[in-house]
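**Q** Let's see this in three dimensions:
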Amino acid sequence: MLDGPTNSPKSYSSNIGKALLTCETLPVTTFKIIDGELSTTDRRDLSQYQLYLLEISQAVGLGNCSYELARRSPGTLSHSCWLTTANRVLRLYVSSPAPSLKLKQIAEFVMKVYTPNWFNIKSKHSLKDGAKHV
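**A** Residues are numbered from 1 along each chain as shown. Predicted coordinates for the structure are as follows:
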């Protein structure tokens, strides 16, 4: 559950959930920086949507989303693929001049918890590194 019940495997019934469906069509606006730590990642090892997560996270951390990044697809919304949902949350955030408290909280979770852990696991996926991810 993102911020309300789901309607189907690819939609939410809440305001934020509904906005995620079309977030890539919204213009980028001025937004507040959300700090987050990203581990060093070899961009050549990333899929299209993994690279998008890295770049949109960097944009949110710097307070500037490029036109080129804003035009790219964050991926299809799906409850089973949190990667593209995280992409869409951050894309919606950079398009919201006055984001709701819920959107801020979800974007902060993506920036401070989900994304750093995702890239840590991606770059340090050995069993011996498992305790570092918990």
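
**Q** Relative to the whole chain's centre, how far out is the longest helix along the chain?
**A** For the chain, the helix that runs over the most residues, judged by DSSP state H, is helix 48-62. Its chain's C-alpha centre and that of helix 48-62 lie 7 Å apart, by CA atoms, centre = their mean, to the nearest Å.

**Q** ditto for stretch 72-80
**A** Distance of stretch 72-80 from its chain centroid, counting by CA atoms, centre = their mean, is 10 Å.

**Q** mind checking the end-to-end distance for that stretch?
**A** Terminal residues of stretch 72-80 lie 21 Å apart, using CA to CA, to the nearest Å.

**Q** Name the residues of it that are buried.
**A** Buried positions in stretch 72-80, judged by neighbour count with 16 or more other CB atoms under 10 Å: Arg72, Pro74, Gly75, Leu77. Glycine gets a C-beta too; all of them are placed from N, C-alpha and C.

**Q** re earlier: which of the residues in the longest helix of the chain are buried?
**A** Buried residues in helix 48-62, counted by 16+ other CB under 10 Å: Tyr49, Gln50, Tyr52, Leu53, Leu54, Glu55, Ile56, Ser57, Ala59, Val60, Gly61.

**Q** which residues touch the helix or strand just after it?
**A** Per DSSP states H and E, helix 48-62 leads on to helix 67-71 as the next helix or strand towards the C-terminus. Contact partners of helix 67-71, identified using CB atoms under 8 Å, 6 or more residues apart in numbering, comprise Glu24, Pro27, Val28, Tyr52, Glu55, Ile56, Ala59, Arg91, Val94.
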